[in-house]
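1. Got a predicted model here, sequence first, then my questions.
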Amino acid sequence: MASLSASEKLDYLRLIRSENVGPVTFYNLLKYFGSAKEALANIQDFAKKGGRKKPISLCSQASAEKEIAALEKIGAELIAFNEPAYSPLLAKITDAPPLISVLGYKSLMQKKSVAVVGTRDASINGRNMARKLGFELSKADITVVSGLALGIDAAAHEGALNEPSCKGSTIAVLGTGINVPYPQSNQNIYDRIKETGLLVSELPFGTPPQQNNFPRRNRIISGLSVGVVVVEAKKKSGSLITANMALEQGREVYAIPGSPLDARSQGGNHLIKQGAMLIETPADIIDSVKADKTFRLNEDIYTEDFTYIPEKISDLELAEIRSKIISLLGNGPVLQDDLIRTSGASAASVSIVLVELELAGKLERLAGNKINLLAEWE
């Protein structure tokens, strides 16, 4: 793996910042056209075939250059999914961010990491446990990953930062731009992580807090980690979403048990009943992580050739498949694998049609490789 050239990275940034282009569509376009440059040149035609009536808003070269310059000004940088500095674990998930902004010690992404998550409205005991986990994991040379939120997240970061050597240190995954600390009350933690840990964001520079960005951030928290430990969480919470994402990504899930009378313990207790590893002390996690044989930092994970353009499918064949796909969608999300199997079309042709429809604004991709047809089309 070699680093991208400046022009290639600029094209990557332009593509992922363009309207209706999410990570999965980015990778499909890259695979189909062989380069981001070619994808940008042909994207309008793809959207038109999907039923788009007006042109897609493409990220301009000037806008992409401005973002890169703003990152460089604060000492941050962009890392692409196929560059050596990118987290090998994160790169394995199907919707890994094609580009991430990083600020701090990017080498932390090459170490074993464990995510510590939980409620913002944490109890004193919950915060103390998260702080102890952060401290002991960092001391054991395991990086602590969390989301810089109030409560459990902040306590886990603090524990790792308070370990004198900062041996494992900590990674904060932001639901804002890399330069926007949130919540503002955690500015001090943000500043400390910038000095001895790592800040990570997939969002454009300067992006303010927006509710819909935080659930998607959770897949990065679990994606960076060999496992996720839930300290305190309600049964329906973002922390449980992160735990479910971890399971989908093939990661370990740990949970701290608590009183059944406390709603903040219901999520962790539920996970334990579902098979999550019960955690009583930090040593339980450390022993599990140290024994993990599936984590291969030097493994060659980029096996797909993005310079190869697959055989094109005729417009007539695609039109027939497109019509069939649209007729099969509706009445809620469906698995892409089920769509392929039921349609009888090849995986490649279904992927092309889904890219066209997504670019046209007719469908959305959900967690778990699910597709949902949007009720209102343009």
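-> Sure thing, it's come through.

2. Run a quick neighbour tally on the residue nearest to Ser346 when sequence neighbours are not counted.
-> Leaving out its chain neighbours, the residue that sits closest to Ser346 by C-beta to C-beta, 6 or more residues apart in numbering is Ile340, at 7.8 Å. In short, each C-beta sits where N, CA and C put it, glycine included. Ile340 has 18 neighbouring residues, counting by other C-beta atoms under 10 Å.

3. So Ile340 sits against Val350, correct?
-> Yes: between Ile340 and Val350 there is a contact at 4.9 Å, judged by C-beta atoms under 8 Å.

4. any idea how far Ala115 is from the residue nearest to Ser346?
-> Ile340 sits 32 Å away from Ala115, going by C-beta to C-beta, to the nearest Å.

5. Then Leu108?
-> 13 Å.

6. Same question for Glu72.
-> From Glu72 across to Ala115, the span is 29 Å (C-beta to C-beta).

7. for Gly258, same thing?
-> Computed as C-beta to C-beta, the Gly258 to Ala115 distance reads 19 Å.

8. In terms of neighbours, single out the busier of those two.
-> A count of neighbours by other C-beta under 10 Å puts Ala115 above the other of Gly258 and Ala115, at 32 against 22.

9. neighbours around Gly250, how many?
-> Using other C-beta under 10 Å, Gly250 is surrounded by 11 other residues.

10. my hunch is that it is in a helix, does that hold up?
-> No: secondary structure of Gly250 (DSSP: H, G, I helix; E, B strand; the rest coil): coil, not part of a helix.

11. Please report phi then psi for Val144.
-> Note on Val144: backbone dihedrals following degrees, to the nearest 10 are phi -100, psi 120.

12. Can I get stretch 15-27 as PDB, trimmed to CA atoms?
-> The C-alpha coordinates for stretch 15-27 follow below in PDB (Å, rounded to 0.1, in the frame of the first residue of the first chain):
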ATOM      1  CA  LEU A  15     -16.500  12.400  -4.600                       C
ATOM      2  CA  ILE A  16     -17.400  11.600  -1.000                       C
ATOM      3  CA  ARG A  17     -18.500  15.200  -0.400                       C
ATOM      4  CA  SER A  18     -20.800  15.200  -3.400                       C
ATOM      5  CA  GLU A  19     -24.600  15.000  -3.000                       C
ATOM      6  CA  ASN A  20     -26.000  11.500  -2.300                       C
ATOM      7  CA  VAL A  21     -22.600   9.800  -2.200                       C
ATOM      8  CA  GLY A  22     -22.200   7.700   0.900                       C
ATOM      9  CA  PRO A  23     -19.400   5.300   1.700                       C
ATOM     10  CA  VAL A  24     -20.900   2.200   0.000                       C
ATOM     11  CA  THR A  25     -21.800   4.200  -3.100                       C
ATOM     12  CA  PHE A  26     -18.300   5.700  -3.100                       C
ATOM     13  CA  TYR A  27     -16.700   2.200  -3.200                       C
END
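
13. Report the distance from that stretch to the chain centre.
-> A distance of 14 Å separates the centroid of the chain from that of stretch 15-27, by C-alpha atoms, centre = their mean, to the nearest Å.

14. ditto for stretch 9-21
-> In terms of C-alpha atoms, centre = their mean, the centre of stretch 9-21 is found 16 Å from the chain centre.

15. Just the mean pLDDT for it, thanks.
-> Mean per-residue pLDDT for stretch 9-21: 97.

16. Which element, helix or strand, includes the residue of the chain lying at maximal distance from its centre?
-> For the chain, the residue at maximal distance from the C-alpha centroid (C-alpha atoms, centre = their mean) is Leu316, at 36.0 Å. Here Leu316, judged by DSSP states H and E, is contained in helix 315-328.
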